[in-house]
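*Asks:* give me a 3D structure for the following:
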Amino acid sequence: SKSKNELLFCQTTLQTLLHQSSPTSLKVTFEGLQKSKYESKSIEEELQMEYRISQHFMKNNQESSDFYRGIRSVLIEKKSQPVQWLPSKLEDVTDDMVQSYFSTSLGEYEWKAPGNNSKL
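*Replies:* Coordinates of the predicted model:
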């Protein structure tokens, strides 16, 4: 059984994630974990999926993306008030939006495992 301290830690962590994290990031992360758990993949496929996700976060609308908003707010402006995520609620992040982070549309920039005549 869980101690009261463990339960309090879990509740606090959940509230922090739900109130301070990007809803898009939360849903994309959850989907990635689901894909890793239920779709048997090699380490190369897992790394490729992670790379694809990171690249999509980096390229999505550049300065108006949640990634850039979070970096600017926390590291540059050092604001204490919540970041204005787009979309701002979990229920506004559609399945299509989430799946777009797993697309294979990186073309020549697609990551391939070393030794497969690829560039990193």
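
*Asks:* so which strand or helix has the residue most central in space within the chain?
*Replies:* By Cα atoms, centre = their mean, the chain has its centre lying nearest to Ser25, at 3.8 Å. Using DSSP states H and E, Ser25 maps to helix 23-38.

*Asks:* again with Val98
*Replies:* helix 95-100.

*Asks:* end-to-end on stretch 104-115?
*Replies:* Start to finish, the residues bounding stretch 104-115 are 20 Å apart (Cα to Cα, to the nearest Å).

*Asks:* and it, average pLDDT?
*Replies:* The average pLDDT within stretch 104-115 is 73.

*Asks:* repeat for stretch 7-19
*Replies:* Throughout stretch 7-19, pLDDT has a mean value of 90.

*Asks:* what comes into contact with that stretch?
*Replies:* With contacts defined as Cβ atoms under 8 Å, 6 or more residues apart in numbering, stretch 7-19 is touched by 2, 26, 82, 90. Bear in mind the C-beta positions are built from the backbone N, C-alpha and C, glycine included.

*Asks:* and it, how far from the chain's centre?
*Replies:* How far stretch 7-19 lies from its chain's middle: 18 Å, per Cα atoms, centre = their mean, to the nearest Å.

*Asks:* now do the buried residues in stretch 34-52.
*Replies:* 48-49, 51-52 (16 or more other Cβ atoms under 10 Å).

*Asks:* so which helix or strand takes in Asn5?
*Replies:* Residue-wise, Asn5 maps onto helix 4-20 under DSSP H and E.

*Asks:* quick check: angle from that helix to helix 23-38?
*Replies:* Taking axes from the mean of the first three to the mean of the last three Cα atoms, to 10 degrees, one finds that helix 4-20 is oriented at 120 degrees with respect to helix 23-38.
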